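*Asks:* Here is a sequence together with a model predicted from it:
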Amino acid sequence: MTALDDTRREVARVAEATPSAAAASVPVMQPRRSSAGHRIRNLIPPLITFGVFILVWYLYSWSRFDNAAQRRNALPYPHTVITDGFFPLWDDTNGFRPILGYMWPTMKVTLIGLAISIVLGVSIAVVMNLSRGMERALFPYAVILQTVPILAITPLLTQLFGDEIGVRLVVVVLIAIFPVITNTLFGLQSTDRLHHDLFTLNHVSRWTRLRKLELPSALPATMAGIRIASGGAVIGAIVADFFFNQGEKGIGYYIRNKQQRAANRPEMFAGTITASMFGVVMFLIVGAITARAIRNWHESAAKQT
Amino acid sequence: MTDTATASDVSGTATSPRLRFEHLSMVFPDGTHAIDDVSFTVDPGEFVTVVGPSGCGKSTLLRIASGLTEHTGGVCDVNRDSIGYVFQDATLLPWRTVQHNVELNAELQGISKAERKRRAAEAIELVNLIGHEDKYPKQLSGGMKMRCSLARSLVLNPEVFLFDEPFGALDEISRERLNDELISLFNSEKFAALFITHSIAEAVFLSTRVLVMSARPGRIIGDYAIPFGSERPHDIRFEPAFAEICGRINDDLKDAHS
């Protein structure tokens, strides 16, 4: 029996005995936020959303297409995606195992690209933070990095960086670096003025100020930037797979390949779902690292403690 | 305040002042005239408090004394290498524990790890924070944060302490308790203190001397030697002599506003 059950029973008992006191006693008996019962209850709302989504999928697919073959080649039922896209789970040529095989290069490109974006993005933000002049000199180009239509310049990218893993990394960095730069810069510039005074009074070097004051101050903002960047990095890696497919082939290549023939529609969905699950996992991992890094001191982490 | 000692005379024999303002004035670049012709000294073992209406330039005095702001006229004479600055806000680094916050100043000044650990332990004991070393600021009450901030300055054992309304944000009870503790700290450490507050009672309770500052441009319009000894029992606040001085300072401040 969980603590939650105990609590609920206790509240009910008190409510029966003294109806007027029940309202007042409820907050006191709130179970600890981390209890297993509470965690399970937290899962219920997203599961309902998921159920509704699957239901709408079924309904739309059912109402839009008259015959099974047509449906399978356009918007197959979710269970068809599982039976024809994900199954067999462990076969060398069909189903989930090849999908995982194609996922690996994409994951590698995502992680390496994200790592480069973090190191480079934080460094650029630090340089911008050195002076207003530096910020003015660099910021417009950081914005352009973000706004340049990458797909439009794929031939140029191929000419510059080849057609293998290198160019895919470039695409990931182009997409992922901007949120790291802007968030870190914002964090560095939001450093408390009195904290700056405190460091000034100790006659510290620029480097010490950066290392012991500004970078830690900026950490929560930087982590928020990395969180946004992680989603972008996954999309960047998949899109890059589409257009630069020499060398190790990624999940984007698999998806595009399966797009060519309508009969492969369930496989296309299976690949897409797996790729987006990877994006979700990345997002959760970065979130967990953030919570761990700042849980002791930052207000945003208060709920997790 | 017509002392004409040269500005270089900071070597500090027991009787020379630790902090000296002479005809100090401050006009900010935007034209704001913050301080006008302020002269006074703070000797070792002296606790001088400046009270005044908000925005009268009291805090600017401290920023000038510490070197955070450059004054525009007159003389400010102090040994900048031996200043403890206690801010309005505790200004603890939220990602550091109490222990590491207390060590901060010493760490930034390059004092060895073993030595700053030893000094931090002493300071933490002085401000009654033993047992809270591993807590983060988020877990501390306002009063405890201020104690931690005090300890951080004590670690450097400064000759001059500058207090910028340190207890202004605390509730009455915490504030009086910290006042009591500050008195005993002052009596044991014998630094020179320049304290800024807008609480008259706090000023009279803590100080050996209270200066009243006018509204902007700030100048000294009242100067009171506080006739109580170095021991300041808690209930001194309710004695007639205490109330009488508070009343006179209050009258000065009323004039300052009009």
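*Replies:* Nice, I can see it.

*Asks:* Buried residues of the helix or strand in which B:Ala243 is found, list them for me.
*Replies:* Following DSSP states H and E, one finds B:Ala243 within helix B:240-257. Buried residues in helix B:240-257, counted by 16 or more other CB atoms under 10 Å in any protein chain shown: B:Phe242, B:Ile245, B:Cys246, B:Arg248, B:Ile249, B:Asp252, B:Leu253, B:Ala256. Bear in mind the C-beta positions are built from the backbone N, C-alpha and C, glycine included.

*Asks:* Export those as a markdown table, with columns for pLDDT and distance to B:Leu150.
*Replies:* Shown next, in a markdown table, are those (pLDDT from 0 to 100; distance: CB to CB, whole Å):
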| residue | pLDDT | distance to B:Leu150 |
| --- | --- | --- |
| B:Phe242 | 90 | 24 |
| B:Ile245 | 91 | 26 |
| B:Cys246 | 93 | 25 |
| B:Arg248 | 91 | 30 |
| B:Ile249 | 91 | 25 |
| B:Asp252 | 88 | 29 |
| B:Leu253 | 86 | 27 |
| B:Ala256 | 69 | 29 |
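
*Asks:* If we check chain A, which of those residues are in contact?
*Replies:* Counting by CB under 8 Å from any CB of the partner chain, nothing from those sits close to chain A.

*Asks:* Of the residues you listed, just say which sits nearest to A:Val127.
*Replies:* Minimum distance to A:Val127 across those is 48.4 Å, recorded for B:Ala256 (CB to CB).

*Asks:* that older thread, turn the buried residues of helix B:240-257 into TSV, columns for distance to A:Phe186.
*Replies:* Output for those, formatted as TSV (distance: CB to CB, whole Å):
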residue	distance to A:Phe186
B:Phe242	50
B:Ile245	50
B:Cys246	47
B:Arg248	51
B:Ile249	45
B:Asp252	46
B:Leu253	42
B:Ala256	42
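
*Asks:* Tell me which two of those residues sit farthest apart.
*Replies:* B:Phe242 and B:Ala256 (21.1 Å).

*Asks:* Can you name the residues in contact with the helix or strand hosting B:Ser39?
*Replies:* Applying DSSP H and E as the criterion places B:Ser39 in strand B:33-42. Strand B:33-42 is contacted from outside by B:1, B:3, B:17-28, B:48, B:57, B:60-61, B:64, B:71, B:74, B:160, B:192-194, B:211, B:213, B:216-220, B:223, using CB atoms under 8 Å, 6 or more residues apart in numbering or on different chains.

*Asks:* quick one: which of these sit in helices?
*Replies:* Taking DSSP state H as the definition of helices, the contacts of strand B:33-42 contribute B:Thr60, B:Leu61, B:Ile64.

*Asks:* buried ones in the strand holding B:Ser39?
*Replies:* Neighbour-count burial for strand B:33-42 [16+ other CB under 10 Å]: B:Ala34, B:Ile35, B:Asp36, B:Asp37, B:Val38, B:Ser39, B:Phe40, B:Thr41, B:Val42.

*Asks:* What is the neighbour count of the closest residue to the first one other than its chain neighbours?
*Replies:* Right, the one you point to is B:Ala34. Setting aside the residues directly before and after it, B:Ala34 is nearest to B:Gly57 in space (CB to CB, 6 or more residues apart in numbering or on different chains), at 3.9 Å. If you count neighbours by other CB atoms under 10 Å in any protein chain shown, B:Gly57 ends up with 26.

*Asks:* One more: the one 10 residues further on?
*Replies:* A count of nearby residues for B:Gly67, using other CB under 10 Å, gives 16.

*Asks:* try A:Ser205
*Replies:* 10.

*Asks:* swap in A:Val56?
*Replies:* By other CB under 10 Å, 10 other residues sit near A:Val56.

*Asks:* ok, then the element right after the one helix or strand it maps to?
*Replies:* A:Val56 belongs to helix A:36-64 when assigned by DSSP H and E. Once the chain leaves helix A:36-64, the next helix or strand it forms, by DSSP H and E, is helix A:68-74.

*Asks:* residue contacts, residue 119?
*Replies:* Just so you know, I chose chain A. Counting by CB under 8 Å, 6+ apart, A:Val119 has no contacts.

*Asks:* My question was about chain B, not that one.
*Replies:* Residues counted as contacts of B:Arg119 (CB under 8 Å, 6+ apart) are B:Ala106, B:Ile111, B:Val155, B:Asn157.

*Asks:* give the contact list for the last one.
*Replies:* Looking back up the chat, that one is B:Asn157. B:Asn157 touches B:Arg119, B:Glu189, counting by CB under 8 Å, 6+ apart.

*Asks:* measure it to chain A for me?
*Replies:* 15 Å (CB to the nearest CB, to the nearest Å).

*Asks:* ditto for the second one
*Replies:* Taken as CB to the nearest CB, the spacing of B:Ile111 relative to chain A amounts to 11 Å.

*Asks:* quick one: secondary structure of that residue?
*Replies:* coil (DSSP: H, G, I helix; E, B strand; the rest coil).
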